[in-house]
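Novice: Pasting the sequence and the predicted model now:
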Amino acid sequence: MVTMGLLPSPLMCTHTHPRYLHFLSFSFPVLHKFKSRPKLFTKSPNAPILTIRNCTPITAKPSSEIKRHSTGSQPDEKLRKLRDLFSIPGVNIDAYIIPSQDAHQSEFIAECYMRRAYISGFTGSAGTAVVTKDKAALWTDGRYFLQAEKQLSSSWILMRAGNLGVPTTSEWLNDVLTAGSRVGIDPFLFSSDAAEELKEAIAKKNHELVYLYDLNLVDEIWGESRPKPPNKPIRMHDLKYAGLDVASKLSLLRSELVDAGSSAIVISMLDEVAWLLNLRGSDVPHSPVMYAYLIVEIDRAKLFIDNSKVTPDVMNRLKNAGIELRPYDSILSEIESLAAQDTHLWLDTSSVNAAIVNTYKSSCERFTGSRGNKAKGKSKMHDSSNGQSEGHSGVYKSSPISVAKAVKNHAELEGMRNSHLRDAAALAQFWVWLEDEIHKGVKLTEVEVSDKLLEFRSKQYGFIDTSFDTISATGANGAIIHYKPETESCAVLDSKKLFLLDSGGQYVDGTTDITRTVHFGVPTARQKECFTRVLQVAKCLLFYLFIYFYMVKRRDGFFKVGFCLNSDAKTNLGGVGPGFKFKC
């Protein structure tokens, strides 16, 4: 078995030319001591060429640019068709809001749910589109201002969220709509909390929030060209990686239900469903999750999923764990049934969609009224702020699974370490290859470099997929946030310019995300200064992460922390050059 400590550093290998690969990064010592030797290259004959001291990664926020589904319909034509639906029977609205999320509030979604990208043409991963009878506006944050400017047609107003003077979606609707208008949403695409906040905000102008349960207007105009929902088979997550079997997890969860005065819980976050059932899927690009809801009761559980994804082996495991299968689209009818049984349902309103929460509340009112016992409908109700309040029969608290999943057991920690070591081995091989090619004078494009890294990663044991679209950027492209090189337009690497590589891998035992900025020769004074200034800001941010928890307890904490962050950012970056924006 190969161990990291027995391997030479990639910067110590014998070469015919001097090695000038400068890693412009600082690291945190997260890999220290191991009780057992990590398993590396168990399926590859090549030994990795690095030592532990060279494989401490810097975590970067995952980024993925949504691909637009090709259609022949232009944005203006789509808007016309969408507005035509405003006046059909059962709709009758004056505005329609299209968010980025799916029914599970996922950050990354399957192509068939990229409704905002379809209607607007803007493919960034974050944004909200609002269409009225005569206007269309799109909100996105500073990461995507330039991209949105290029992709939006003249029919759209770009709202640069966060900039001074830019209204929120509700403020804009209150301004452009006549009092008493109707604003439509798909309640599956908004968390209950988000929908309630929107409802309250537009009520200031007597606008009504209309829930269109059975009709998504974008899907109607998308028609047959809309991609089909993913239906790839799900797989079992081995116990040696999970560390805790499904029965044990369900038992712990049921104890939480009893303590909270609840008799069932709705789990809608895809990562929570996958973790609790020790299952993995591939419905969402780069994420090992599957589209499903889970309802866990005291004596049974029900998984709402497309049955075509469930293999016989998975079916047997679920059956042995006492989990019944239900059609994915039958979730609301099950919620109504639970309300009819006077079930005290645990709902995390920050993640469970408004369709589910409102169905439960309205069903509780209906069935409580039919029993002539309205007081019973107010008997057990908790929220996450003060533990208890009056309202419909239910428990409204944060999901207990999010916390349980965050506390890693021994097997999960080992998997994290081993997957990072194997990933680091692939990266070390890649950097040696890349530097050799650059010094040979080989012209490599950003896409070719990205593909080569994927080749090295795919040789590692347990590799499944990349954890997000690789950001391979040379020179000025490195300054483009969420840059994704395309074969037709990508740049060729230049040995005199900085090269940014932000990438990661999904393995059977862990997920990685690592960012490095390198130079293939001797960096100029200007390059060193720019990098150092950004590094100084990063170090300041690390410091403020610690003081935040102290300051936030004071009434002026938010102001003081924000003021200091903004001040330090300007101090370290101010005067370096144009293009730096400061926002806290």
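Specialist: Happy to help now that I have it.

Novice: tell me, which helix in the protein spans the most residues?
Specialist: The longest helix of the chain (DSSP state H) is helix 410-439.

Novice: helices or strands next to it in the packing?
Specialist: helix 239-242, helix 446-458, strand 505-507, strand 510-511, strand 514-519 (3 or more CB pairs under 8 Å, 6 or more residues apart in numbering; DSSP states H and E). The C-beta positions use only the backbone N, C-alpha and C, and glycine is treated the same way.

Novice: and it with strand 514-519, angle?
Specialist: On the basis of axes from the mean of the first three to the mean of the last three CA atoms, to 10 degrees, helix 410-439 is oriented at 20 degrees to strand 514-519.

Novice: from the chain's centre, how far out does helix 410-439 sit?
Specialist: In terms of CA atoms, centre = their mean, to the nearest Å, the centre of helix 410-439 is set 24 Å apart from its chain centre.

Novice: got the buried residues for it?
Specialist: By neighbour count on 16 or more other CB atoms under 10 Å, the buried set for helix 410-439 is 411-412, 414-439.

Novice: follow-up on the earlier one: in a markdown table, list the helices and strands packed on helix 410-439 along with mean pLDDT and mean neighbour count.
Specialist: Output for the helices and strands packed on helix 410-439, formatted as a markdown table (pLDDT from 0 to 100; neighbours: other CB atoms under 10 Å):
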| stretch | mean pLDDT | mean neighbour count |
| --- | --- | --- |
| helix 239-242 | 97 | 16 |
| helix 446-458 | 98 | 20 |
| strand 505-507 | 97 | 25 |
| strand 510-511 | 96 | 22 |
| strand 514-519 | 95 | 19 |
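
Novice: Please tabulate the ones you listed in CSV, including the columns distance to Asp271.
Specialist: Output for the helices and strands packed on helix 410-439, formatted as CSV (distance: least, CB to CB, whole Å):
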stretch, distance to Asp271
helix 239-242, 14
helix 446-458, 22
strand 505-507, 13
strand 510-511, 11
strand 514-519, 21
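
Novice: Of all the ones you listed, which one is nearest Ala404?
Specialist: With CB to CB as the measure, helix 239-242 is the member of the helices and strands packed on helix 410-439 nearest Ala404 (12.4 Å).

Novice: Does anything pack onto that closest one? Which helices or strands?
Specialist: helix 410-439.

Novice: tell me the mean pLDDT for the helix it packs on?
Specialist: The average pLDDT for helix 410-439 rounds to 97.

Novice: What ranges does the stretch 451-584 of the chain have for its helices?
Specialist: For the stretch 451-584 of the chain, the helices defined by DSSP state H, counting those that start in this stretch occupy 525-551, 557-573.

Novice: Mind telling me which of the ones you listed the model trusts least?
Specialist: Averaging pLDDT over each of these puts helix 557-573 lowest, since it has a mean of 51.

Novice: who touches the closest residue to Ser399 other than its chain neighbours in this structure?
Specialist: For Ser399, ignoring the flanking residues on the chain, the nearest one in space by CB to CB, 6 or more residues apart in numbering is Asp348 at 4.2 Å. Contacts for Asp348 (CB atoms under 8 Å, 6 or more residues apart in numbering) come out as 396-399.

Novice: Export these to a markdown table and append columns for secondary structure, neighbour count and pLDDT.
Specialist: Formatted as a markdown table, the contacts of Asp348 follow (DSSP: H, G, I helix; E, B strand; the rest coil; neighbours: other CB atoms under 10 Å; pLDDT from 0 to 100):
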| residue | secondary structure | neighbour count | pLDDT |
| --- | --- | --- | --- |
| Tyr396 | strand | 23 | 94 |
| Lys397 | coil | 20 | 92 |
| Ser398 | coil | 14 | 94 |
| Ser399 | coil | 22 | 95 |
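
Novice: So which of those residues is the closest to Val289?
Specialist: After measuring the contacts of Asp348 against Val289 - CB to CB - the closest member comes out as Ser399, at 15.2 Å.

Novice: quick revisit: for Val403, find the nearest of the helices and strands packed on helix 410-439.
Specialist: Of all the helices and strands packed on helix 410-439, helix 239-242 comes closest under CB to CB, at 17.0 Å.

Novice: Could you pull up the mean pLDDT of the helix or strand following that closest one?
Specialist: Using DSSP states H and E, the helix or strand that directly follows helix 239-242 along the chain is helix 246-260. Averaging pLDDT along helix 246-260 yields 96.

Novice: Show me what helix 246-260 is packed up against.
Specialist: Secondary structure elements in contact with helix 246-260, counted by 3+ CB pairs under 8 Å, 6+ apart, are strand 264-267, helix 270-277, strand 293-297, helix 400-406.

Novice: which of those is buried the deepest?
Specialist: Neighbour counts (mean count of other CB atoms under 10 Å) averaged over each of the helices and strands packed on helix 246-260 peak at strand 264-267, with a mean of 25.

Novice: what sits up against that one?
Specialist: So strand 264-267 is contacted by 253, 257, 273, 276, 293-298, 335, 338, 343-347, 352, 356, 399-401 (CB under 8 Å, 6+ apart).

Novice: Shouldn't Phe145 be within a helix?
Specialist: Yes. Counting by DSSP: H, G, I helix; E, B strand; the rest coil, Phe145 falls inside a helix.

Novice: ok, the closest residue to it other than its chain neighbours - contacts?
Specialist: Distances taken as CB to CB, 6+ apart place Arg160 nearest to Phe145, at 5.6 Å, with adjacent residues excluded. By CB under 8 Å, 6+ apart, the contact set of Arg160 is 140, 142, 145, 166.

Novice: The stretch 251-400 of the chain: strands as residue ranges?
Specialist: With strands called from DSSP state E, counting those that start in this stretch, the stretch 251-400 of the chain shows them at 264-267, 279-280, 293-297, 301-304, 323-326, 345-347, 381-382, 394-396.

Novice: Which residue ranges of the stretch 51-200 of the chain form strands?
Specialist: Under DSSP E, counting those that start in this stretch, the stretch 51-200 of the chain gives strands at 95-98, 128-132, 136-140, 157-160, 182-185.

Novice: quick one, which of those is nearest to Ser282?
Specialist: Using CB to CB, the nearest of the strands of the stretch 51-200 of the chain to Ser282 is strand 95-98, at 25.8 Å.

Novice: CA atoms of that closest one as CSV?
Specialist: Output in CSV follows, covering the C-alpha atoms of strand 95-98 (Å, rounded to 0.1, in the frame of the first residue of the first chain):
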residue,chain,number,x,y,z
ALA,A,95,-47.6,39.6,-12.6
TYR,A,96,-45.7,36.3,-12.4
ILE,A,97,-42.5,35.5,-10.5
ILE,A,98,-40.0,32.9,-11.7
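
Novice: packing partners for that strand?
Specialist: helix 115-120, strand 128-132, strand 182-185.

Novice: Include distance to Ala247, mean neighbour count and mean pLDDT when you put those into a markdown table, please.
Specialist: Below are those laid out as a markdown table (distance: least, CB to CB, whole Å; neighbours: other CB atoms under 10 Å; pLDDT from 0 to 100):
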| stretch | distance to Ala247 | mean neighbour count | mean pLDDT |
| --- | --- | --- | --- |
| helix 115-120 | 39 | 25 | 96 |
| strand 128-132 | 41 | 23 | 98 |
| strand 182-185 | 39 | 22 | 98 |
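
Novice: Would you reformat these as JSON lines and include distance to Thr466?
Specialist: JSON lines is the format used below for the helices and strands packed on strand 95-98 (distance: least, CB to CB, whole Å):
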{"stretch": "helix 115-120", "distance to Thr466": "20"}
{"stretch": "strand 128-132", "distance to Thr466": "27"}
{"stretch": "strand 182-185", "distance to Thr466": "33"}
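
Novice: do you know which of these lies nearest Val407?
Specialist: strand 128-132 (33.6 Å).

Novice: Parallel or antiparallel, list what pairs with that closest one.
Specialist: strand 95-98 (antiparallel), strand 136-140 (antiparallel) (DSSP bridges).

Novice: Could you report the neighbour count for Gly121?
Specialist: 20 (other CB atoms under 10 Å).

Novice: Also Asp84?
Specialist: Going by other CB under 10 Å, the residues that sit close to Asp84 add up to 12.

Novice: Understood, closing this out.
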